[in-house]
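Undergrad: Next come a sequence and a model predicted from it.
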Amino acid sequence: MFIVTLLTSPEIRTLDAALVDVLRNAWGGGDATWLAVDEAAEFVVPAKPGNQWDVWADLQTAQVDLIVQPSKNRRKKMLLADMDSTMIRQECIDELAAEAGVGERVADITARAMNGELDFEEALKERVCLLKGLDESIIEHVLDTRITYMPGGYELVATMQANGAYAALVSGGFTAFTSRVAAALGFDENRANTLLVENGKLTGAPGLPILGKQAKVDALEEITARLGLTGVDVLAVGDGANDLGMLTRAGMGVALHAKPAVQEKCEIRVNHGDLTALLFLQGYSREDFVT
């Protein structure tokens, strides 16, 4: 058995009940359950529909996300989340670069690296090098003035934790940012790269070893082993090529507003919902959310 979930942005709430019924009838589904009025609904089907991706493409034009997944073990016991462009709206290194006057150059490298066009570690070294000489105090300034949270992040973490899950923030970014973000959203732990500093200035080099794609897979394996869980118990979410290892290893890997190269390799794609979509995918209704 499979669960079909339809959802849209909580800001526009345009999920049409007639659309849900048409699709349910076409696929031989059971009765629809509304997880949030005009926003998220689900129903059971006996088998994965053969035209799933054709329907998905049509619904994308209507700003509706369609996800089909096995009905068993949907409620996950661990959240493993990327930070940049996932739990927050920005790429931290791009915001630092903007302060250093090299924003466009760094943003271009970031975009290419996140789409899998460049080696992540080499791209990180190149970008950090361009920050050499930047005053360390700029980090706090960027955190205070440039960083905003992705909607639904607090609800996602708090609701899963209230139901016994563990939450880990694992980023290819920097601990100076993950520590603040993890504390604000209530994560149990965070892992990231470090920016080396001397005499109050960035040296232009990251600490080694660099935490890249494999480090996120390692985090999944290490934390699940410590907690007595397996990859099946994990919900992983990210948007970049360096997230693909953990996304494909987790029991539920969600490509959230992800780069094209990432979406192509993920079965679960959320392009219109916010982070609360990850709760709907586990069968939580909006009334279940911890706010």
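TA: That came through, no problem.
Undergrad: Could I get the average pLDDT for the helix or strand harbouring Ile67?
TA: In the assignment (DSSP states H and E), Ile67 maps to strand 65-70. On average, the pLDDT along strand 65-70 is 98.
Undergrad: how about the CA coordinates for the helix or strand just after it, as PDB?
TA: Along the chain past strand 65-70, the next helix or strand (assigned with DSSP H and E) turns out to be strand 78-81. This file holds the C-alpha atoms of strand 78-81, laid out as PDB (Å, rounded to 0.1, in the frame of the first residue of the first chain):
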ATOM      1  CA  MET A  78      15.300  11.200  13.600                       C
ATOM      2  CA  LEU A  79      15.500  14.400  11.600                       C
ATOM      3  CA  LEU A  80      18.700  15.100   9.700                       C
ATOM      4  CA  ALA A  81      18.600  18.500   8.200                       C
END
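Undergrad: what about strand 78-81, distance to the chain center?
TA: Relative to the chain's own centre, strand 78-81 is displaced by 9 Å; criterion: CA atoms, centre = their mean, to the nearest Å.
Undergrad: now swap in stretch 167-182 and tell me
TA: Stretch 167-182 has its average C-alpha position 13 Å from the chain's average C-alpha position, going by CA atoms, centre = their mean.
Undergrad: Residue numbering should commence at 466 henceforth.
TA: Happy to do that; since the first residue is 466 now, the last one works out to stretch 632-647.
Undergrad: For it, which residues meet the burial criterion?
TA: For stretch 632-647, the neighbour count (16 or more other CB atoms under 10 Å) marks 632-643, 645-647 as buried. C-beta here means a position set from N, CA and C on the backbone, and glycine is covered the same way.
Undergrad: One more: stretch 471-484?
TA: Leu471, Leu472, Thr473, Ser474, Pro475, Leu480.
Undergrad: nearest spatial neighbour of Ala578, skipping sequence neighbours?
TA: Spatially, and ignoring its direct neighbours in sequence, Ala578 is nearest to Ala588 (3.8 Å; CB to CB, 6 or more residues apart in numbering).
Undergrad: Fine, thanks again, bye for now.
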